[in-house]
Each structure stands twice: as C-alpha cells, then as structure tokens.
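Engineer: Compute the structure for the input listed below.
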Amino acid sequence: MKKPIVSILMTIYNHENFLKKSINSVINQTFKNWELIAIDNGSEDNSKEILKKIKEKKIKKKYLKKNIGRTKCLNLGLKLCKGKYIAILDSDDIARKNRIAFQINRMKK
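Structural biologist: Numbers count the residues shown, from 1 in each chain. Okay, the predicted model is just below:
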C-alpha cells in the first residue's frame, strides 16, 4: 500500500451505537488515499468488539486497556499517523462521502 495522503484519526470511547456507521463513512469516501487510525480508549461497552470485526486493511487499530482521556489518546494517535494531512472524525460522527476530497481541494487552493 502506498503512503496515505490523509490520516483520519478516530478516538473511540463507548460509542457502540454509532461506531460501525462512523467507520463505514470513512470506508465509503470518494477520496481513496487514506488510512484510518482507530483507537479504542478503554471502552466499557461493545465498541472494542465492533472494531475488531471490521476488516479493512487501511484501518490501523489500537486498543487501550483503560481510558487515558481524549487529549492523550489523540496525541498517541498522532504519533501513528503516516499521512501528509490529518483529519479527525469522532466515533459518533458520520462524514459526508466527499468530506476528505473537499477538504484536500480546499487546502490545495
């Protein structure tokens, strides 16, 4: 796999009801040169199990045993990002299909 242009960083904590749709909104982006860094921040619900079931080679998964707080989790994730650009998507949000393409085009202008 070539180096991604965009790293999408997602911290996850107890979002079992939203997580699959949120990740699918990344997988279905019109812009395809991305990686998703998904970090389960010690969830106490089924978020970890849902993340484990998603099979996509562009998703890098990390599982923390306990919650370290969002800021520390984001900083940990930043160290794992390989892309030229970094986008954050919360695990309870859904990205529009053209979100990344739109943002890349805006930054290039």
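Engineer: switch to C-alpha atoms for all contacts and neighbour counts from now on
Structural biologist: OK.
Engineer: what bits of the protein have low per-residue confidence?
Structural biologist: Low-confidence segments of the chain, defined by pLDDT under 70: 1.
Engineer: what are the ranges of the strands in it?
Structural biologist: Remark: strands assigned in the chain by DSSP state E are 6-12, 34-41, 59-64, 85-88.
Engineer: Mean neighbour count and distance to N28 for these - can I get that in JSON lines?
Structural biologist: Formatted as JSON lines, those follow (neighbours: other C-alpha atoms under 10 Å; distance: least, C-alpha to C-alpha, whole Å):
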{"stretch": "strand 6-12", "mean neighbour count": "24", "distance to N28": "13"}
{"stretch": "strand 34-41", "mean neighbour count": "24", "distance to N28": "11"}
{"stretch": "strand 59-64", "mean neighbour count": "16", "distance to N28": "13"}
{"stretch": "strand 85-88", "mean neighbour count": "15", "distance to N28": "15"}
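Engineer: Can you tell me the closest non-neighbouring residue to N14?
Structural biologist: With sequence-adjacent residues excluded and distances taken as C-alpha to C-alpha, 6 or more residues apart in numbering, N14 is closest to S43, at 4.9 Å.
Engineer: I figured the one you found hits N67, correct?
Structural biologist: Yes. S43 lies in contact with N67 (C-alpha atoms under 8 Å); the separation is 7.2 Å.
Engineer: which neighbours do those two share?
Structural biologist: Y13 (C-alpha atoms under 8 Å, 6 or more residues apart in numbering).
Engineer: which one of the two has more residues nearby?
Structural biologist: Shown here are S43 and N67; by other C-alpha atoms under 10 Å, S43 has more neighbours (20 against 15).
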